[in-house]
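Trainee: A structural model of the following input is requested.
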Amino acid sequence: MSVVPYKDDPTGKKSQVAHMFNSIAGKYDFLNHFLSAGTDIYWRRKAVGELRQLRPARILDIATGTGDFAFETLRVGPEVQVTGVDISEGMLEVGRRKVRERGLGHRIELQLGDSENLPFDDNTFDAVTASFGVRNFENLPQGLAEMRRVLRPGGKLVILEFSKPRTFPFKQAYNFYFRHILPVFGKLISKDQSAYTYLPESVQAFPDGPAFLAVLQQVGFTSPQWQPLTFGISSIYTATK
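Mentor: Residues are numbered from 1 along each chain as shown. Just a heads-up that it's a prediction; the model follows:
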């Protein structure tokens with residue numbers, strides 16, 4: 001059974017995730033930076049660095065949320081055009097406001113969409129990215145297969161996702177923080193009782209590391225690679241089509 005944000009809600013994971021992110025959208029950016037002590041900014045820049053050699057012109061950012069990763073990908077080059085897709089209109093509203101404030105409407109477009117049923121033709125994008133989003137897919141193989149479908153031959157996939165530290169004492173410290181500290185602060189600030197309880201549960205359930213590389217291969221990606229960051233708290237996964 002998949003991990004869901006609201007255990008008493010009879011609706012599926014997809015609709016629950018959309019509701020959860022709608023409820024915390026206004027506090028999401030602050031919580032990201034606060035609860036990771038700003039490390040999430042470093043992680044995004046490291047992940048975007050994986051695109052520099054490819055120099056993609058068209059990038060699709062899956063589960064784009066408030067657009068932080070989409071903004072970061074603009075560093076790859078002045079010609080980059082980014083399309084961001086998310087199932088949470090609340091998160092997209094925050095992201096669109098940031099796009100307007102930064103005068104980047106000519107380079108970034110954020111739109112409502114289902115990452116597991118993308119509204120784009122085959123072979124459309126030079127690169128497909130996702131930052132802390134694939135963990136929330138209702139059907140992980142289907143979502144990854146869709147990402148591969150819209151990627152052009154020779155294009156690159158870059159995924160940044162939480163993972164599980166495997167060595168002492170980081171494993172123990174991480175588990176204590178995720179299970180006992182993060183949910184308390186997340187609930188106090190976001191006012192959503194379930195969102196930051198779901199986060200550690202979804203990380204524990206996610207097939208990280210070699211298991212995720214195997215899923216990438218199963219859906220047809222080639223040359224999958226895994227790069228743990230910050231003692232394995234998060235990881236960058238790359239693959240090509």
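
Trainee: the longest helix in the protein is where?
Mentor: Assignment by DSSP state H gives helix 13-35 as the longest helix of the chain.

Trainee: Low-confidence ranges, this protein, go.
Mentor: Scanning the chain with the threshold set as pLDDT under 70 gives 1.

Trainee: mind redoing it with 80?
Mentor: For the chain, applying pLDDT under 80 flags the ranges 1-2, 31-32, 34-37, 178, 182, 186-187, 189-193, 195.

Trainee: List the contacts of Gly90.
Mentor: Contacts here follow Cβ atoms under 8 Å, 6 or more residues apart in numbering; on that basis Gly90 touches 21-23, 25-26. For glycine as for every other residue, the C-beta is placed from the backbone atoms N, C-alpha and C.

Trainee: need the helices for this structure, in chain order.
Mentor: 13-35, 39-48, 68-73, 89-101, 140-150, 170-176, 182-190, 195-205, 210-218.

Trainee: Please identify the most buried of the ones you listed.
Mentor: Mean neighbour count, computed with mean count of other Cβ atoms under 10 Å, is highest for helix 68-73 among the helices of the chain, reaching a mean of 24.

Trainee: neighbours around Gly105, how many?
Mentor: As a burial measure, Gly105 scores 11 neighbours (other Cβ atoms under 10 Å).

Trainee: picking up where we left off before, reformat the helices of the chain as CSV; add distance to Gln81.
Mentor: What follows is these, written out as CSV (distance: least, Cβ to Cβ, whole Å):
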stretch, distance to Gln81
helix 13-35, 23
helix 39-48, 15
helix 68-73, 10
helix 89-101, 13
helix 140-150, 14
helix 170-176, 37
helix 182-190, 32
helix 195-205, 31
helix 210-218, 25
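
Trainee: just so I know, which of these lies nearest Glu116?
Mentor: helix 140-150 (4.5 Å; Cβ to Cβ).

Trainee: Which residues does that closest one contact?
Mentor: Taking contacts as Cβ under 8 Å, 6+ apart, the residues outside helix 140-150 that touch it are 60, 62, 115-118, 120-125, 128, 130, 134, 137, 157, 207, 215-216, 218-221, 241.

Trainee: Just the buried ones from those residues, in PyMOL syntax?
Mentor: Under the burial definition 16 or more other Cβ atoms under 10 Å, those of those that qualify are selected in PyMOL by:
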select buried, resi 60+62+115+116+118+120+124+125+128+130+134+137+157+215+216+219+221+241
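
Trainee: Just the ones of the contacts of helix 140-150 in strands?
Mentor: 60, 62, 125, 128, 130, 157 (DSSP state E).

Trainee: State the pair within the residues you listed that is farthest apart.
Mentor: Phe125 and Ala130 (12.3 Å).

Trainee: could the ones in strands among the contacts of helix 140-150 go into CSV alongside distance to Lys187?
Mentor: Shown next, in CSV, are those (distance: Cβ to Cβ, whole Å):
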residue, distance to Lys187
Leu60, 33
Ile62, 27
Phe125, 37
Val128, 33
Ala130, 26
Leu157, 34
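
Trainee: Before I go, just wanted to say thanks for your time.
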